[in-house]
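> Quick one: sequence and predicted model below, then my questions.
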Amino acid sequence: QVQLVQSGAEVKKPGASVKVSCKASGYTFTGYYMHWVRQAPGQGPEWMGWINPNSGDTNYAQKFQGGVTMTRDTSISTAYMELSSLRSDDTAVYYCARDLMFGGFGYGMDVWGQGTTVTVSS
Amino acid sequence: QSALTQPPSASGSPGQSVTISCTGTSSDVGGYDYVSWYQQHPGKAPKLMIYEVTKRPSGVPDRFSGSKSGNTASLTVSGLQAEDEADYYCSSYAGYNIPYVFGTGTKVTVL
């Protein structure tokens, strides 16, 4: 079945970096844009950016430009999101999510990973 | 880009209907027919319930329906069931650089 499986919870100190992985299965990984969305405790989701797994092109939300890097490894159908210079307000659950439209984005996110909790604390 | 505005809470008895609004601007909700709705149970990932304003993904009950008028989109849940109790978030396309802007969220309670 179509699924996204993310890496486990992380605890980091302020100023550190974190890299979260998202392994796709059950569909053509290179055919669908992958998004990263985060959700701080008690808050709504926040879109961080997308990666086109076919080309490697990325587009980051303005808020995260300069701090986030999204990459992929097509040989293992895995997307990655690295966030640097972590602060306490980066504490959140981070999700990868597939765009529902083959080759497009903005239509809706139909498959989600289980989420990775990142805690930033000294 | 500001978050879309939703009422914090909504409720209804089993079998009744509840409608949640999602208000944006002409730059997001009013400008595109790419509004989606997500259901989220505590500790779980969001689940897509409606996309492109009115379309339901396979497996989503037809009790869930969506609509839009001007800068406001709506989600209606008919025939409320206990399992519909969850947080609901709308989202809208707002351009190439902001494909997803989310709403503030609505907690639906089944009385």
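Nice, I can see it.

> What's the nearest residue in chain B when you look at chain A?
Nearest to chain A in chain B, going by Cβ to the nearest Cβ, is residue B:51, at a distance of 3.3 Å. In short, each C-beta sits where N, CA and C put it, glycine included.

> what are the bridge partners for that residue, then?
For residue B:51, the beta-bridge partners under DSSP bridges are residue B:55.

> Next, count neighbours for it.
23 (other Cβ atoms under 10 Å in any protein chain shown).

> again with the one 4 residues further on
As a burial measure, residue B:55 scores 14 neighbours (other Cβ under 10 Å).

> for residue A:103, same thing?
By the measure other Cβ under 10 Å, the count of residues near residue A:103 is 11.

> How about residue A:48?
Residue A:48 has 23 neighbouring residues, counting by other Cβ under 10 Å.

> quick one, what contacts the residue of chain A found nearest chain B?
Nearest residue of chain A to chain B, counting by Cβ to the nearest Cβ: residue A:108, 3.3 Å away. By Cβ atoms under 8 Å, 6 or more residues apart in numbering or on different chains, residue A:108 lies in contact with A:99, A:100, A:101, B:34, B:36, B:48, B:51, B:52, B:57, B:91.

> at 6 Å instead, please
A:100, B:36, B:48, B:51 (Cβ atoms under 6 Å, 6 or more residues apart in numbering or on different chains).

> Now the phi/psi pair for it, please.
Reported as degrees, to the nearest 10, the phi and psi values for residue A:108 are phi 140, psi 160.

> Out of the contacts of residue A:108, flag the one nearest to residue A:112.
Of all the contacts of residue A:108, residue B:48 has the smallest distance to residue A:112: 8.2 Å, by Cβ to Cβ.

> Leaving out sequence neighbours, find the closest residue to that closest one.
Counting by Cβ to Cβ, 6 or more residues apart in numbering or on different chains, residue A:110 is the residue found nearest to residue B:48 once chain neighbours are left out, at 4.8 Å.

> ok, that neighbour - how many residues close by?
18.

> And for residue B:77?
By other Cβ under 10 Å, neighbour count at residue B:77 equals 25.

> what's the answer for residue B:90, then?
Neighbour count of residue B:90, defined by other Cβ under 10 Å: 31.

> May I have the beta-bridge partners of it?
Here residue B:90, judged by DSSP bridges, has bridge partners residue B:37.

> if we can go back for a sec, got the contact list for the residue nearest to residue B:48?
Contact analysis of residue A:110 by Cβ under 6 Å, 6+ apart lists A:100, B:48, B:57.

> out of those, which are buried?
For the contacts of residue A:110, a burial check counting by 16 or more other Cβ atoms under 10 Å in any protein chain shown picks out A:100, B:48, B:57.

> check contacts around the closest residue to residue A:44 other than its chain neighbours.
Among residues not flanking residue A:44 along the chain, residue B:105 sits closest, at 4.6 Å (Cβ to Cβ, 6+ apart). Taking Cβ under 6 Å, 6+ apart, we find residue B:105 in contact with A:44, B:6, B:87, B:89.

> And for residue A:25?
residue A:3.
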